[in-house]
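S.K.: Quick one, structure for this:
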Amino acid sequence: MQESAHTAELGFGLAAVGRPAYITSDREHDLGTPAARSVAALRSRVHALLDTAWALGIRYLDAARSYGLAEEFLGSWLAAHPERRASLTIGSKWGYEYVGGWDPAAGVHERKEHTLTMLDRQWPETLAALGGRPDFYLIHSVTPDSPALADAALRQRIGEIRDAGVRVGISTSGPRQAEVIDRARAEHGDLFSVVQSTWNVFEPSAGHALARAHDAGWTVVLKEVLANGWLSDSHAPTVVRDAARTASLTVDEYAFAVARRQEWADIVLSGAATDDQLRRGAERSAPAGALPMPSFAVDPDSYWQRRSALDWA
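M.R.: The predicted structure is shown next:
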């Protein structure tokens, strides 16, 4: 990873606060016990975090149909502040649905389906929840086995959404993200123009493909920059803590700073669950001067096996 003067925009993603359970660490510390995560409590938290994000100058907000009530929470906040909408870029995703029933102990929390039937159901739901069209609308977590890229009828319908003024694209996950990004760009570059991918100092394998997408004019959004809590002072390995300390940053600040220095990254998402987390990511992740950036990359298959074993809490 090379040093760069570039600093990507910071966005705020609602994955961790739109539903009572998620796969990030330290949830009870951040949100309280599961009993304290009622719909009303999380709506209030999301609205407060969105107010903080606005005050910090964050103008990209990210949700998805599968993030519990994230779109509804965001939509009610937008309705309360209609004067802010023109200054914001709103992104959302379809292709997963939330099925957890607001139960942190649910056996299944989300279900994936990349079909025309799902899109035709979820697109109106997104419009209703947000109170209007998002600016970006992505197929959620496209992997090599997803039928989405080969489905002509589905692509035609996505094209109709694009023609209505929405930029469409894909989000990716898994150890073969680069393959999916390159395929989508090569085969459907006339349709898609946004990609959101997992990238962090442990799992940077999609970087070259993301750079190619950026060079082709796509907007590149990075997610899971903190590796679902692995990149924090309490969980990161010593070598990462040492690099952060050298830069006079906490581990999470350092992880954001490295991501924001990638020249092909346009937006880096904070998945903050607390006001302090959001403020640290915004105020301390663009340090002046040199930033130590040794390689901490792990094998992508090992990284994704670890992630898939994380508990919903």
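
S.K.: I'd like to know how many residues surround the residue nearest to Ile23 when sequence neighbours are not counted.
M.R.: Leaving out its chain neighbours, the residue that sits closest to Ile23 by Cβ to Cβ, 6 or more residues apart in numbering is Leu310, at 4.1 Å. C-beta coordinates here come from the backbone N, C-alpha and C atoms, glycine included. Other residues lying near Leu310 total 14 when counted by other Cβ atoms under 10 Å.

S.K.: Distance check, Leu310 against Ser38.
M.R.: Between Leu310 and Ser38 the computed distance is 24 Å (Cβ to Cβ, to the nearest Å).

S.K.: What of Arg65?
M.R.: When Cβ to Cβ is applied, the distance between Arg65 and Ser38 equals 21 Å.

S.K.: now do Leu154
M.R.: From Leu154 over to Ser38 the distance is 36 Å, taken as Cβ to Cβ.

S.K.: Which of these two has more residues huddled nearby?
M.R.: When Leu154 and Ser38 are compared for neighbours, Leu154 comes out ahead with 20 against 12, by other Cβ under 10 Å.

S.K.: can you pull the buried residues of the helix or strand containing that one?
M.R.: The secondary structure element spanning Leu154 is helix 152-163 (assigned by DSSP states H and E). Buried residues in helix 152-163, counting neighbours by 16 or more other Cβ atoms under 10 Å, are found at Leu154, Arg155, Ile158, Ile161, Arg162.

S.K.: Just give me the closest of those residues to Leu42.
M.R.: When those are compared for distance to Leu42, the smallest value, 28.4 Å, is given by Ile161; criterion: Cβ to Cβ.

S.K.: so how far is Val268 from the residue nearest to Ile23?
M.R.: Between Leu310 and Val268 the distance is 21 Å, computed by Cβ to Cβ.

S.K.: you'd agree Ser25 is in a helix?
M.R.: No - note on Ser25: no helix contains this position according to DSSP: H, G, I helix; E, B strand; the rest coil, which reports coil.

S.K.: would you list every one of the strands in the protein?
M.R.: Taking DSSP state E as the criterion, the chain contains strands spanning 9-13, 60-62, 89-94, 96-98, 110-112, 136-142, 167-172, 194-198, 219-223, 267-270.

S.K.: Dump the ones you listed into TSV; add mean neighbour count and distance to Asp299 as well.
M.R.: Listed next are the strands of the chain as TSV, based on neighbours: other Cβ atoms under 10 Å; distance: least, Cβ to Cβ, whole Å:
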stretch	mean neighbour count	distance to Asp299
strand 9-13	23	26
strand 60-62	25	28
strand 89-94	24	27
strand 96-98	19	26
strand 110-112	15	24
strand 136-142	25	20
strand 167-172	25	18
strand 194-198	26	15
strand 219-223	24	20
strand 267-270	27	24
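
S.K.: Check Ser4 and give its pLDDT.
M.R.: The predicted local distance difference test score for Ser4 is 58.
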